[in-house]
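Chemist: Next input, structure requested:
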Amino acid sequence: MASVGLYKNENKSRTRIEAHRPTLSKQELESVLDCLIEDRLGSGTVTRRFERTFAQACGSRHALAVNSLGAAYHLAFLGLGAGPNTRVLMSALAPVAACDAARYTGARVELIDVDRESFHPAPDLYQERAKALLAESGDGAEPDLVCLVDHSFGSFFRLPVEELRARGARILEDFTGLVGTQVEDSEASGRLGQVSVCGFSEYDLITTGNGGMILTGDSRTHGQMQALRYGGPREKGSLAYDYRLEDFQAAMGLDQLSRLGVTLARRKRIGVKYLETVRSTRHVTHFREPEIDCYLQFPVILNKNMDEALRYFAALQIGVERSAEMPLHHLLDLPRLEYPNAERFYQRALNLPIYPSLTANNVERVASALRGLI
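Modeler: Reported below is the predicted structural model:
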């Protein structure tokens, strides 16, 4: 722990490294100001332009902008026909918004543990569980299963979905952590599922302050979701939700999208530096594909007590946080022994700062601190 003393002596001249910072520039501020000057406080032409531009960038036919990731999930589940007879299969480390939105529809959430050496469930076990749930329909009933493919923390989840689709499962992809990234089959940018969602929260790869986007190649599904969001065509007596993204938020999103390549390049450089650092310690991380992974967050599974590690980084004025504040087996009050790997992740994983505005000096401070945590 000698390194703590060294840093303590230097703390007076060092600024605190925040755990998170949004990636904003003067360009976004000017675009938002232009909207406010022109009294564009509602959802209109700028939002529609953002939808078209985002859909084009991701190679999708349709896009629908909404005001949160939870709203995106809710409309996506409804567009996929989720209801009280539906089961939704997701990782125990999937976003809380996914679990909440599935339950809004009355669907039953089915959790699967992550693999011990991955941020994701083992693909073969995920497929087996999905097939078992499909078989439980029985009695000639149509399969009623939605499978969530979530690229947690910006790590690509390589799940073969063709057989699941053939058996009647609907695929919902969350590509928040991989937006703008291509893989060899070009399916990491929102084209893996019948419907895909992307979040735009304060610290996501693209931010609109809060918000989200839904993509689909199916015109009928798009129309159904559009009718459920305020501003879309409605029939008498129909139900809709005020999930609109406002024009000034969309203006920010357009600028963020135009600079996404620079944002990703910077995150990847920091991520590679942290990967090299972790390999020189007794700690581990599960990033395996630096040419694809986007490092939305950078979880490190510590070879150390969590409380002690938090105190250590606090003494060095480095902001870190738990990687899983609320794993879904906790939220649903399920037995922790049934999800040992997600529980281990909850107990031992913390996120290192990895936002693009980190200076090279601060990246080295974080790396040095991690090396000193022994």
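Chemist: where along the stretch 101-250 of the chain do the helices fall?
Modeler: Assigned helices in the stretch 101-250 of the chain, in chain order: 123-135, 162-166, 219-228, 247-258 (criterion: DSSP state H, counting those that start in this stretch).
Chemist: Then M90 would be within a strand, right?
Modeler: Yes. Going by DSSP: H, G, I helix; E, B strand; the rest coil, the assignment for M90 places it inside a strand.
Chemist: With the flanking residues excluded, which residue is spatially nearest to it?
Modeler: When the adjacent residues along the chain are set aside, M90 lies closest to L148, with 4.0 Å between them (C-beta to C-beta, 6 or more residues apart in numbering). Bear in mind the C-beta positions are built from the backbone N, C-alpha and C, glycine included.
Chemist: Can you report how many residues lie near that neighbour?
Modeler: Close neighbours of L148, defined as other C-beta atoms under 10 Å, add up to 25.
Chemist: residues in contact with it?
Modeler: Going by C-beta atoms under 8 Å, 6 or more residues apart in numbering, L148 touches V88, L89, M90, S91, A94, A98, L172, E173, D174.
Chemist: Just put the residues you listed in JSON lines and tack on distance to S155 and pLDDT.
Modeler: Compiled in JSON lines, the contacts of L148 are given as follows (distance: C-beta to C-beta, whole Å; pLDDT from 0 to 100):
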{"residue": "V88", "distance to S155": "21", "pLDDT": "98"}
{"residue": "L89", "distance to S155": "19", "pLDDT": "98"}
{"residue": "M90", "distance to S155": "16", "pLDDT": "98"}
{"residue": "S91", "distance to S155": "11", "pLDDT": "98"}
{"residue": "A94", "distance to S155": "13", "pLDDT": "98"}
{"residue": "A98", "distance to S155": "16", "pLDDT": "98"}
{"residue": "L172", "distance to S155": "18", "pLDDT": "97"}
{"residue": "E173", "distance to S155": "14", "pLDDT": "96"}
{"residue": "D174", "distance to S155": "12", "pLDDT": "97"}
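Chemist: Got the domain ranges for the protein?
Modeler: Using automatic domain parsing, the domain ranges for the chain come out as 2-23+259-372, 26-258.
Chemist: which one of those domains is the most hemmed in?
Modeler: Counting by mean count of other C-beta atoms under 10 Å, domain 26-258 has the highest mean neighbour count of the domains of the chain, with a mean of 19.
Chemist: returning to what we had before: so which of the helices of the stretch 101-250 of the chain gets nearest K273?
Modeler: If you check each of the helices of the stretch 101-250 of the chain against K273 by C-beta to C-beta, helix 247-258 wins as the nearest, at 23.7 Å.
Chemist: coming back round to it: where does the residue nearest to M90 land on pLDDT?
Modeler: Per-residue confidence for L148 comes out at a pLDDT of 98.
Chemist: Against L89, how distant is it?
Modeler: Remark: distance between L148 and L89 (C-beta to C-beta, to the nearest Å) = 7 Å.
Chemist: what do you get for H286?
Modeler: 21 Å.
Chemist: what do you get for R365?
Modeler: Counting by C-beta to C-beta, the gap from R365 to L89 is 41 Å.
Chemist: counting contacts, what elements does the longest helix along the chain pack onto?
Modeler: What stands out as the longest helix in the chain, according to DSSP state H, is helix 260-279. Helices and strands in packing contact with helix 260-279 are listed as strand 298-301, helix 360-372; criterion 3 or more C-beta pairs under 8 Å, 6 or more residues apart in numbering; DSSP states H and E.
Chemist: Let's have the ones you listed in TSV, adding mean pLDDT and distance to G180.
Modeler: Formatted as TSV, those follow (pLDDT from 0 to 100; distance: least, C-beta to C-beta, whole Å):
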stretch	mean pLDDT	distance to G180
strand 298-301	98	18
helix 360-372	96	22
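Chemist: I'd like these written out as CSV, with distance to Q317 added.
Modeler: What follows is the helices and strands packed on helix 260-279, written out as CSV (distance: least, C-beta to C-beta, whole Å):
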stretch, distance to Q317
strand 298-301, 18
helix 360-372, 9
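Chemist: List just the one of these that sits closest to V195.
Modeler: Taking C-beta to C-beta as the criterion, V195 comes closest to strand 298-301 out of the helices and strands packed on helix 260-279, the separation being 26.9 Å.
Chemist: does G83 really touch G106, like I thought?
Modeler: Yes. Under the contact definition of C-beta atoms under 8 Å, G83 touches G106, with a separation of 5.6 Å.
Chemist: Skipping its backbone neighbours, what lies nearest Y104 in space?
Modeler: Nearest non-adjacent residue to Y104, counting by C-beta to C-beta, 6+ apart: H74, 5.4 Å away.
Chemist: can you pull the contacts of the one you found?
Modeler: When contacts are taken as C-beta under 8 Å, 6+ apart, H74 is in contact with A101, Y104, T105, Y241, Y243.
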